[in-house]
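K.L.:
sharing a sequence plus its predicted fold:
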Amino acid sequence: MLALSRPSSCPVQISTVANWLMGIAQKYAFPPDVSLFGMAQDGKPVLLHLRDPRAGAILVTGSRPATTALFQTIGHSALALNGKKTGVAVITNRPEDWELGERMSVFSYATPLENIAQFIREAGKGIILLLVEDYELVSREPDLFKFICEQGPQRMVWTICAAEKPADVPVSLFRTRIAETSAGVFWMRERSEHIFFSTLR
């Protein structure tokens, strides 16, 4: 298993995440088109390869403060490591936890998914991370959300969705599942097909 830890305690401020990422970036040479998920138990970064669609949609279960902190790490690392070819869209009912940037858009939970889908279409051929802070925020449009989850990775649109409990979510939509095991520590099953995740040497 890979244990993924997030930086500092919750709530994480953007400056804290940015400083943490800067320290990691100075220590490691990152390959292109990746997002940082956290640190493995051995202290090495755990990466999602954003050009490999096999990860599919990703479900993260855990407490809201911990998943928000992890999502901030994922989103800001994708922007910091990949330049202008990557954008991040966040669906949240707590926009105050997020800082807007040139390539980060924050949508309220009341925004129709079709509007978000249009944002993704207009983003062109770059990589989009769609971070959903709580499945309940998109559950009113299950068919469209299912389409985004299933078809997105082939178009370099990555859906990463949080929920407090797996029972609250149609887990079959998610090919990859990550769970919080203790405060701020997440794990995923280390399987041979999970080669789209890796740790740096």
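P.N.:
Happy to help now that I have it.
K.L.:
the residue lying closest to residue 51 once chain neighbours are set aside: what's it in contact with?
P.N.:
Computed as CB to CB, 6 or more residues apart in numbering, the closest residue to residue 51 that is not its neighbour in sequence is residue 33, at 4.7 Å. C-beta coordinates here come from the backbone N, C-alpha and C atoms, glycine included. By CB atoms under 8 Å, 6 or more residues apart in numbering, the contact list for residue 33 reads 49-51, 82, 127.
K.L.:
take those residues and keep only those in strands.
P.N.:
49, 127 (DSSP state E).
K.L.:
ramachandran angles for the residue nearest to residue 51?
P.N.:
Note on residue 33: backbone dihedrals following degrees, to the nearest 10 are phi 60, psi 60.
K.L.:
one more: residue 137?
P.N.:
With angles defined as degrees, to the nearest 10, residue 137 sits at phi -70, psi -20.
K.L.:
phi, psi for the closest residue to it other than its chain neighbours please.
P.N.:
Once flanking residues are discounted, residue 137 sits nearest to residue 109: 4.1 Å by CB to CB, 6+ apart. Residue 109 adopts backbone torsions of phi -60, psi -20, taken as degrees, to the nearest 10.
K.L.:
residue 50 against residue 79, yeah?
P.N.:
No - counting by CB atoms under 8 Å, residue 50 stays clear of residue 79, with 11.7 Å between them.
K.L.:
helices along this structure, start to end?
P.N.:
Ranges of helices within the chain are 14-27, 64-82, 113-122, 142-151, based on DSSP state H.
K.L.:
I'd like to know the average pLDDT value across the third one.
P.N.:
Just to be clear, that refers to helix 113-122. Here helix 113-122 scores 73 as its mean pLDDT.
K.L.:
joint contacts of residue 50 and residue 79?
P.N.:
With CB under 8 Å, 6+ apart as the test, residue 50 and residue 79 both reach residue 86.
K.L.:
more neighbours: the two, which one.
P.N.:
Neighbour count, other CB atoms under 10 Å: between residue 50 and residue 79, residue 50 has more, with 24 against 19.
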